[in-house]
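Asker: A structural model of the following input is requested.
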Amino acid sequence: MGELTDKIKGNVNEAIGKAKQAVAGDPSDPARTHEDDKLEAEGAGQELKGKGQQVLGKVKGALGDDV
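Answerer: As a prediction, the model looks like this:
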């Protein structure tokens, strides 16, 4: 059960992270604000967290949820 939960949470966090980065916009845009920079960094962190959760889910699947 933990394997599937981790994979789902990972997919959700990765998608939300990518969306936040897209909302922040192009880094070279002169109208970009400090808040946009913060949102992009937050999104990158959330995307990375999601990738980690997906890896954890794969490891749990390989080890039979004994992790």
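Asker: Same question for the biggest helix by length in the chain: list its buried residues.
Answerer: Looking across the chain with DSSP state H, the single longest helix is helix 34-63. Neighbour counts using 16 or more other C-beta atoms under 10 Å place 36, 39-40, 43, 46-47, 49-50, 53-54, 56-57, 60 of helix 34-63 among the buried residues. Glycine gets a C-beta too; all of them are placed from N, C-alpha and C.
Asker: so what does that helix touch, helix or strand wise?
Answerer: Counting contacts by 3 or more C-beta pairs under 8 Å, 6 or more residues apart in numbering; DSSP states H and E, helix 34-63 packs against helix 2-24.
Asker: any weak-confidence spans in this protein?
Answerer: Residues of the chain that meet the criterion pLDDT under 70 lie in 1, 65-67.
Asker: Check the gap between the residue sitting furthest away from the middle of it and D36 for me.
Answerer: Distance from the C-alpha centroid of the chain, by C-alpha atoms, centre = their mean, peaks at P30 (26.6 Å). Distance of P30 to D36, computed by C-beta to C-beta, to the nearest Å: 12 Å.
Asker: And stretch 26-40, end to end?
Answerer: Start and end residues of stretch 26-40 are separated by 10 Å (C-alpha to C-alpha, to the nearest Å).
Asker: Nice, that's everything, thank you.
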